[in-house]
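> Compute the structure for the input listed below.
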Amino acid sequence: MSQRKFERGARQRDEAARRRRARSRSVGIAVGATVLFAPAAASAAPFEVDKLGDGVPNAGACTAAADDCTLREAITEANALAGNDEITFANTVTGTIQLTQGQLNVSSADALSIVGPGAAALTVSGNDESRVFNIDGGGLVSISGLTITGGDGSPDAGNADAAGSGGAILTADGLDLSASVVTGNTAVNGGGVASSAGDANLSLKDSKVTGNDASGSGGGIWSQADLQLTSSVVSGNTAVAGGGGVDMRSLVDGEGKYALSTDDTTIAGNQAANGAGVQVDGFTTKYTNVVQTTISGNTASGPGGGIDFVNGYRLANIVNSTLSGNQGTIGGGIHAVVQRVAARRAVPQNRADFDDPGLDIFNSTVAANTATNTGGGIGLEIDAGQDGTVGLISTIVADNGAATANKDLSNGSSGFASTHSLVETPGSATLATNPAQPTITGQDPKLGALAGNGGPTQTKLPAGTSPAIDKGDNPSSLTEEQRHTARTINLATANATGGDGTDIGAVEVSSLPVTQPPPTNTTTPPAPVTPSATPTVCGRRAISLVRADVRGKRVVLKGLVGAALYGKRVTIQTDPKGARNSAFTRTTTVTASSKTGAFTASVPKPSADDFVSIRYRARSGRAVSPSLKLPQSLTSRSVKSAKGTITVKGRVKNSVLGKRNRVKIRRLVCGRYRTVGTAKPDENGNYTVTFSSTQLRGVAFYRAESKVLRKPGSKVYVIQYARAIAIRTTPQTG
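Numbers count the residues shown, from 1 in each chain. So this is what the prediction gives:
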């Protein structure tokens, strides 16, 4: 550090201390005094964190000697003071702040800004034992320049909320998160970030939410508030239920109150049962706006690989965006449950026919997605007694794959209304068109691979000979395409009837090839996935229990049934003593999903004596699952996939005497767990296991297992398990 920077920093710290002392004196003088004048607007009070660490906060630590203010102490003092506050960090505070006293509670009724030195410079970790930030005071909170990791939002991790939301951050107030990274966190809902803020906004800008896990919904983000994603990345997150990347809880008391907006954002490589990229759960009064966004490589074991609109929709726009390489059972790119009051015209006459509420896709590209059932690009399902259409406006839907003839589109009782679009393989889907605004069918748009073609997000650039060039329209007067290049370049000699020379799709081609003919794109659409996206159930009448989680006084069991058992009743049975020949007794009965075969059941937590040996199994008709034991004292939180390998990191807790025993990682194959790797925990109980990735494409389940002493001083060993963890596996990436 230069002498000039050192002196400037010293002056700033002295001035900050002086302002804090002056503020404290003014607060003391005001106590008991008669207020004669209205106070001036509150200004930011500065706190500088100059101590890397955590501990029980000491009162006044941040106004006393230097090198004695931790992040927890700065937040505690900011909570206690009226007015807006700002927390910064000294140049010496870099590395990792490991939380040892539980989550950081932000309870200020006024605005608070936490300004970190940069996500690469400073990490705040929940140490896999607690949530990192809990925001619940009423004031707007801004967090920037931090990496937030190791957060556990589940109730048994010392957090007060029973729902177990928000591994890194749970906010009941407005939150602006910028220039930050949220990674390696876990929770029931919102593995990374969860918002229950209602009318307050949740905003992420220039941030990454990656590698987080939810045992419920919203692997990356779970929001019950208006959610804005700007210039951000949501990738590699996992949810057992819906919304691998983002789960938007828009539906409140039957009404859609909250809006989702994305801009210059990438949502990629996430996985979930439904809506692997994004799940929007019902909306009727506010828009979902997906603008200049790429949603790619997301994998759902059920409907909606890229986006899943469930519980009906009426207001949604997808504009200047690309959906590619996503996978689901119905609607590899987009799945929507249509539920509307008024239908569109059967054949659109002009732009006004698209103005009634509904899902409209403007100047976008939906290509190279896959459905294991139908609707590789877009799959619609119509609720009983409802009808409606999805508007395709100057949009490419092509190169998608499905098990049926409906490669690009599929629909129920209604369908699609299209103008100036290109649909390569509509199959038997209802596609209403108007000759005055022609839609191209049966032609290859000659799209390149998803790549960085300029701009903040990846796109699929058409070849110079694409039939999409200059054959589109721009009814919304968009000045830019997805890459922020100007719209309507007009390269060809003739525009489409009623068109304005805009290229169909998300991007504009800026020049035509000089020589003819140009190279032909020979890329073929991906074949339907075999086996299914959930290879853990290997037969049409098979049944598996894949996960058991203790939640308070209940145990939540999750499982899958084969295709022939979709929608059938499943009986969960328990063996109270765990003996090999003891009888299973009936506990509860649930219904497997008619769309995905997934089921969830809740049963009472067993007594302490039974805890080490309790077994569960599931029955449906004549199908019986292998037994699953209750997980205990192992953890397997961190899962990273590199090409050809998978690495699992976890810990044997100190409450058991199992540190000297080996830990096995076992993969669920056709209802039975098989060992794929082992490791010996270190003196702190930590272990790392690396093993070859499966060549199956889809979602695979793994769990950690170790033999430990049942009780201190005993000689009886039992097998204990970590709950199953789900990761996406592909032959290309592992």
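
> Run through the stretch 301-450 of the chain and note the low-pLDDT ranges.
311-315, 338-358, 382-388, 412-414 (pLDDT under 70).

> How about the stretch 601-734 of the chain?
Across the stretch 601-734 of the chain, residues meeting the criterion (pLDDT under 70) sit at 607-613, 630-644, 653-661, 668-674, 693-701, 707-734.

> change it to 80
For the stretch 601-734 of the chain, applying pLDDT under 80 flags the ranges 605-615, 622, 626-648, 650-685, 687, 691-734.

> is it true that residue 79 lies in a helix?
Yes - counting by DSSP: H, G, I helix; E, B strand; the rest coil, residue 79 is part of a helix.

> just the helices in the protein please.
Secondary structure of the chain (DSSP state H): helices located at 3-30, 71-80.

> Flag whichever of the ones you listed has the least confidence on average.
Mean pLDDT per stretch puts helix 3-30 lowest among the helices of the chain, at a mean of 40.

> is the closest residue in space to residue 378 that isn't next to it in sequence in a bridge, and if so with what?
Beyond its immediate neighbours in the sequence, the residue positioned closest to residue 378 (CB to CB, 6 or more residues apart in numbering) is residue 334, lying 4.6 Å away. Glycine gets a C-beta too; all of them are placed from N, C-alpha and C. Note on residue 334: beta-bridge partners by DSSP bridges are residue 307, residue 378.

> what's the straight distance from one end of stretch 619-629 to the other?
End-to-end distance of stretch 619-629 (CA to CA, to the nearest Å): 16 Å.

> Counting neighbours, which bits of it end up buried?
Under the neighbour-count criterion of 16 or more other CB atoms under 10 Å, stretch 619-629 has 619-620, 623-625, 627-629 buried.

> gap between that stretch and the chain center?
Distance of stretch 619-629 from its chain centroid, counting by CA atoms, centre = their mean, to the nearest Å, is 31 Å.

> Check stretch 134-141 too.
The answer for stretch 134-141 is 23 Å, by CA atoms, centre = their mean.

> again, but for stretch 301-313
Worked out by CA atoms, centre = their mean, stretch 301-313 lies 14 Å from the chain centre.

> what's the nearest residue to the residue most central in space within the chain if we skip its chain neighbours?
Centroid-nearest residue in the chain: residue 245, 1.8 Å away (criterion: CA atoms, centre = their mean). Nearest residue to residue 245 in three dimensions, chain neighbours excluded: residue 270, at 3.8 Å (CB to CB, 6+ apart).

> Quick check: the gap between that neighbour and residue 569.
31 Å (CB to CB, to the nearest Å).

> The two: which has the busier surroundings?
residue 270 (33 against 13; other CB atoms under 10 Å).

> isn't the more buried one right up against residue 242?
No - using CB atoms under 8 Å, residue 270 is not in contact with residue 242; the gap is 11.1 Å.

> Residue 265: neighbour count?
28.

> how far away is the closest residue to residue 497 other than its chain neighbours from residue 419?
Excluding the flanking residues, the one nearest residue 497 by CB to CB, 6+ apart is residue 438, at 5.7 Å. Counting by CB to CB, the gap from residue 438 to residue 419 is 8 Å.
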